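[1] sequence and computational prediction follow.
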Protein chains: 2
Amino acid sequence: MSDDTATPRRRRSGGREARAAARLHAVAEKVPFITRTLAPFEVLGEEGLSTIEHNADTILEQVGIEFREAPDALELMRGAGCDVEGERVRFPRGLARQLVQATAPREFDQVARNPANTVHIGGNATVFAPAYGSPFVRDIDGGRRYGTIEDFRNFVKLAYMSPYLHHSGGTVCEPVDLPVNKRHYDMVYAHMRYSDRPYMGSVTHPQRAQDTVEMARILFGADAIEAQPHVLSLINANSPLVWDAIMLGAAKAYAEANQAVIMTPFILAGAMSPATAAGAATQTLAEALAGMAYVQLVRPGAPVVFGSFASSMSMQSGAPTFGTPEPALVLYTLAACARRLGVPFRSGGSLTASKVADAQAAYESANTLQPTVLAGVNFVLHAAGWLEGGLTMGYEKFVLDLDQCGQMHPFVKGMDLSPNGQAVDAIVENGPGQHFLGTAHTLANFETAFYRSEIADNNSFEQWELEGSLDAAMRANTVWKRMLAGYEAPPIDEAGDEELREWIERKKASFPDSNV
Amino acid sequence: MSDDTATPRRRRSGGREARAAARLHAVAEKVPFITRTLAPFEVLGEEGLSTIEHNADTILEQVGIEFREAPDALELMRGAGCDVEGERVRFPRGLARQLVQATAPREFDQVARNPANTVHIGGNATVFAPAYGSPFVRDIDGGRRYGTIEDFRNFVKLAYMSPYLHHSGGTVCEPVDLPVNKRHYDMVYAHMRYSDRPYMGSVTHPQRAQDTVEMARILFGADAIEAQPHVLSLINANSPLVWDAIMLGAAKAYAEANQAVIMTPFILAGAMSPATAAGAATQTLAEALAGMAYVQLVRPGAPVVFGSFASSMSMQSGAPTFGTPEPALVLYTLAACARRLGVPFRSGGSLTASKVADAQAAYESANTLQPTVLAGVNFVLHAAGWLEGGLTMGYEKFVLDLDQCGQMHPFVKGMDLSPNGQAVDAIVENGPGQHFLGTAHTLANFETAFYRSEIADNNSFEQWELEGSLDAAMRANTVWKRMLAGYEAPPIDEAGDEELREWIERKKASFPDSNV
């Protein structure tokens, strides 16, 4: 737990690399989240959205949702007016929506250890977080291998260093070298110690969620976390139409402590829902409504996010497919449903089925991230690093995706129509046939005119060849190594850190390791 | 000119390849163009767009546009009420817009040799055409090299075979092995013979435009082309604020013959326009308005397209950059301006500065094609093949981009809200916890539920490794070779073809070869 002190100091890197780093930092305006100014793109109008909502209510009313092995949840739902039969919970038409709208906050802040990094979740804010949940990691040097706690810390550090991610994420990769029943201590601690951004908690067992809350109490203070959410956690449905005991228990632990949860139907359309986009969207809405209603019954007013993970499927092999048109339609539709409901929305990211950071990975990721931003998603998990349908976290892919997240920062600001932006005088003064390279207007806008990519090679073919004919993934390999070499841990209150580490050691010693 | 008879017959390919081809063809519904059903995404409202339009008028009024070495053009502009001083043409406020709106068609058909392939240009139609103008070609086997007429024919054939492009394009690559002053005969003939889709004409000299028109008269008949455009050609401005004699002469040749032209300011923002998005958009609008007004004065009612090519620039090196946020904002803005003006709009494509079909190429291309489609661009040049800022046409990139164009086909249809699409009964009947793989609804939607990529690898890591760990570009290498091997020329009227070839031979023999 003390390897933070072993953090390598900022290496004196070569002139070229140093200049590149300086360039990047000169331009990247660090913001705690991006604020969209453009109206979201929508694929359905009022009538279509009403149809989806009506159908979701039909499902909640006629089929209902199973709350499995969760008698306390069933009790809550019954008390709120649901029709409970065995583990099946049916909602009178409109009830789930009413329960959510009555008390769920429309938007909220997730407080960071560094207050400058506190994120706003909901409204016009969009927050980018790393990919989540991969058992494997990959880089060009080492290929594909199981993730370790060292990889985990590396991704926390890389996310912390990027001006283009806003959140430290959660299970940035599975630290498979640690016992299953104790690795959450090291994961949560890594987020707390190696970053000062907001992070996500453990959900693999209600007790681990409790542990996460306890760790937040130690670091931030019990009063602080009771007053405002400091942890955001990912609760997945067991689609179709099931919430299970572990997820409900973890959600309950967080909601009772006023910490935020994302209630996410995880749907591979064709397998966990019908194969149509409208069917997948409808079922997602029904499941999410039931989950969010449950959270509001656990603790009215607890911050909750409407989550959706929807992928299409290869109808030949049954494998999930990403960056395809149908999930984009689902995403646009559900973002609009979340706005109508009045809760923050989580979806999208930089998803791909590709095994490596190649053209497939990039097309599919861009075709996911574009709808994510245009739809107005509020919390974007999997914004960087995702490969192979989430099985692998890629170092090069992570760096490539950071650049894409970076590009969204100027985009969401829209068109600058200030007098300088309009540039009429510049055009009038310049006149026909004269280039603008040395004009006063160009010189004044030189530094900030265009997004600068650290990864894209825009040089001549000859220059590119001279520099080794590196493709984007190979260039990214250099970048993440340079970033890690230059990592410096954010300052931390030493007493709080020590208390936290002692608490963790005591907890770890109090029960045997286990991999179940 | 007779190598069409040497076209390889469809090769009996192996079982796996044949199955893959059959799969693709079973699903790809061939349409002559795509029809958008979604409202376009806009980044500016009424006020912002009015500002851009007002500023464009200010430029046309105060600075004006140079019409260089084109006395007949100056005469036309003066006659229409412009203030002409030397070669400078100033437009009283609103005049250019009035001239365009008075006679330019809002939308039109470009007739194809095969009437089933006639494209609609304007309105809710979007037409995908190959990349245009590269002196180099690239494939994995041969690397980067100068393009030849064989490469040219290959790309015409590949475009013809794809269900996802709609247009044969123009200079799909420069056939550098042919003399500059005669290569247009072979290029135009290749489009006419090896494809039966609409194509683009020569613009490198007014006489070559005349030749293109003459060839169309031979193949389609003089009456047919007088009645409807059969050729669409790309006329570039010499930004800032200049239209030159060659471009004006070529535009005139086409417009006089009622053939369509795209009047395109080609702007590398920061060099040929101010470095701001609004500045680049404003200048583009001013230049395009002047060019389109000229075309309407040459022949009122001649079909004309508002074109825009806008890239950002590396402010370090001056190199053009693609897929960045700023050109996307320009594109969205100008698409809205074109709608307000009431003319079809050309922009976008699958642009990149990358030298190879890597992640950079794919991110940048997707980040261009997404805005292209969401903005409602009508004619999409450079939809497939573009590499290295347009210097290189890539075989593998071409095939990868085709797949991306394919994905736009279902996307633009939007959400299917038919009862089958809504799938409420399927969800209700299935119930909680049961997968949908074998349900009647899934089986009924099996074939058409999701877009099927021929390039994406969605298999398991183990399967992918077993098949050679190929990245997307390497898989694309197999696909274009298979496509070319299976090419069969569309039928052609033998007499017309012979007349055309004889005419070309006579023309070629009538003046010496030259490379200027």
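    It's in. Numbering: from 1, shown residues only, chains lettered A, B, ... in the order given.
[2] now find how far off-centre stretch A:439-449 is within its chain.
    The chain centre lies 35 Å from the centre of stretch A:439-449; the measure is C-alpha atoms, centre = their mean, to the nearest Å.
[3] what about A:A216, which SS state?
    Assigned by DSSP: H, G, I helix; E, B strand; the rest coil, the conformation of A:A216 is helix.
[4] and it, how far from B:K30?
    Separation of A:A216 from B:K30 (C-beta to C-beta, to the nearest Å): 58 Å. No exception for glycine: its C-beta is placed from N, CA and C like everyone else's.
[5] the more surrounded of the two?
    Counting neighbours by other C-beta atoms under 10 Å in any protein chain shown for A:A216 and for B:K30 shows that A:A216 has the greater number, 25 against 12.
[6] what sits against that one?
    A:201, A:225, A:230-231, A:259 (C-beta atoms under 8 Å, 6 or more residues apart in numbering or on different chains).
[7] again, only this time at 6 Å
    A:225, A:230-231 (C-beta atoms under 6 Å, 6 or more residues apart in numbering or on different chains).
[8] equivalent analysis for A:G348, please.
    Per C-beta under 6 Å, 6+ apart, neighbours of A:G348: A:331, A:368, A:372, A:377, A:380.
[9] pLDDT of the helix or strand the third one falls within, averaged?
    Taking DSSP states H and E as the definition, A:T372 sits inside helix A:359-375. Across helix A:359-375, the average pLDDT comes to 98.
[10] buried stuff in that helix?
    Along helix A:359-375, these residues count as buried under the neighbour rule (16 or more other C-beta atoms under 10 Å in any protein chain shown): A:359-375.
[11] could you do stretch A:500-513 as well?
    Under the neighbour-count criterion of 16+ other C-beta under 10 Å, stretch A:500-513 has A:500-501, A:503-504 buried.
[12] hang on, the earlier thing: in the contacts of A:A216, which residue is surrounded by the most others?
    That'd be A:H230 among the contacts of A:A216, by other C-beta under 10 Å, with 29 neighbours.
[13] and it, its phi and psi?
    For A:H230, the backbone dihedrals are phi -110, psi -10 (criterion: degrees, to the nearest 10).
[14] which residue packs closest to the residue of the stretch 151-300 of chain A found nearest chain B, ignoring adjacent ones?
    The minimum distance from the stretch 151-300 of chain A to chain B, using C-beta to the nearest C-beta, falls at A:G279 (3.1 Å). The shortest distance from A:G279 to any non-neighbouring residue, by C-beta to C-beta, 6 or more residues apart in numbering or on different chains, is to B:A423 (3.1 Å).
[15] quick check, pLDDT for that neighbour.
    Per the predicted model, pLDDT is 97 at B:A423.
[16] same check, this time on the one 3 residues further on
    B:A426 carries a pLDDT value of 96.
[17] cool, the one 10 residues further on as well?
    Among the per-residue scores, B:F436 shows a pLDDT of 95.
[18] who are the contact partners of A:P135?
    If you count contacts by C-beta under 6 Å, 6+ apart, A:P135 has them with A:E174.
[19] which SS state does A:Q283 fall under?
    Here A:Q283 is helix, with the state taken from three-state DSSP.
[20] contacts for the one helix or strand A:I52 maps to?
    Counting by DSSP H and E, the element that carries A:I52 is helix A:46-62. Under the criterion C-beta under 6 Å, 6+ apart, residues A:91, A:93, A:96, A:281-282, A:285-286, A:336, B:417, B:422, B:424, B:427-428 lie in contact with helix A:46-62.
[21] of these, just the buried ones, PyMOL syntax please.
    To isolate the buried members of the contacts of helix A:46-62 in PyMOL, using 16+ other C-beta under 10 Å:
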select buried, (chain A and resi 91+96+281+282+285+286+336) or (chain B and resi 417+422+424+427)
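[22] list just the nearest of the contacts of helix A:46-62 to B:G142.
    When these are ranked by distance to B:G142 (C-beta to C-beta), A:A281 comes first, at 46.5 Å.
[23] counting neighbours, what do you get for the closest residue to A:Q422 other than its chain neighbours?
    Counting by C-beta to C-beta, 6+ apart, A:Q422 lies nearest to B:A278, which is 5.0 Å off, once chain neighbours are set aside. The number of residues packed near B:A278 is 27, by other C-beta under 10 Å.
[24] do the one 5 residues further on as well
    Applying other C-beta under 10 Å, we find 31 other residues in the vicinity of B:Q283.
[25] ok, it to chain A distance?
    5 Å (C-beta to the nearest C-beta, to the nearest Å).
[26] the stretch 251-400 of chain A: helices as residue ranges?
    A:277-298, A:325-341, A:359-375, A:395-411 (DSSP state H, counting those that start in this stretch).
[27] so which of those is nearest A:F266?
    Among the helices of the stretch 251-400 of chain A, helix A:277-298 comes nearest to A:F266, with 9.3 Å by C-beta to C-beta.
[28] wait, what's in contact with the residue lying closest to A:T324 once chain neighbours are set aside?
    Closest residue to A:T324 apart from its sequence neighbours, by C-beta to C-beta, 6+ apart: A:S312 at 4.7 Å. Listed by C-beta under 6 Å, 6+ apart, the contact partners of A:S312 are A:269, A:321, A:324, A:326-327, B:450.
[29] equivalent analysis for A:S239, please.
    Counted by C-beta under 6 Å, 6+ apart, A:S239 has contacts A:265, A:267, A:272.
[30] the residue in the stretch 1-150 of chain A that chain B sits nearest to: which element?
    In the stretch 1-150 of chain A, the residue that lies nearest chain B is A:E66 (4.2 Å; C-beta to the nearest C-beta). Remark: A:E66 resides in strand A:65-67, with elements defined by DSSP H and E.
[31] how about the helix holding A:I52: buried residues?
    Within helix A:46-62, the residues that qualify as buried are A:48-49, A:51-53, A:55-61, counting by 16+ other C-beta under 10 Å.
[32] just the pLDDT for the closest residue in space to A:N236 that isn't next to it in sequence.
    Spatial nearest neighbour of A:N236, excluding adjacent residues (C-beta to C-beta, 6+ apart): A:F266 at 4.7 Å. pLDDT, A:F266: 96.
[33] partners of A:F266 in the sheet?
    Beta bridges link A:F266 to A:F309, judged by DSSP bridges.
[34] need the phi and psi values for the spatially most central residue of chain A.
    Geometric centre of chain A, nearest residue: A:L381, 1.7 Å, by C-alpha atoms, centre = their mean. Main-chain dihedrals, A:L381, degrees, to the nearest 10: phi -80, psi 160.
[35] show me what contacts it?
    Per C-beta under 6 Å, 6+ apart, neighbours of A:L381: A:129, A:132, A:349.
[36] tell me the secondary structure of the second one, please.
    Here A:Y132 takes the coil state, with states given by three-state DSSP.
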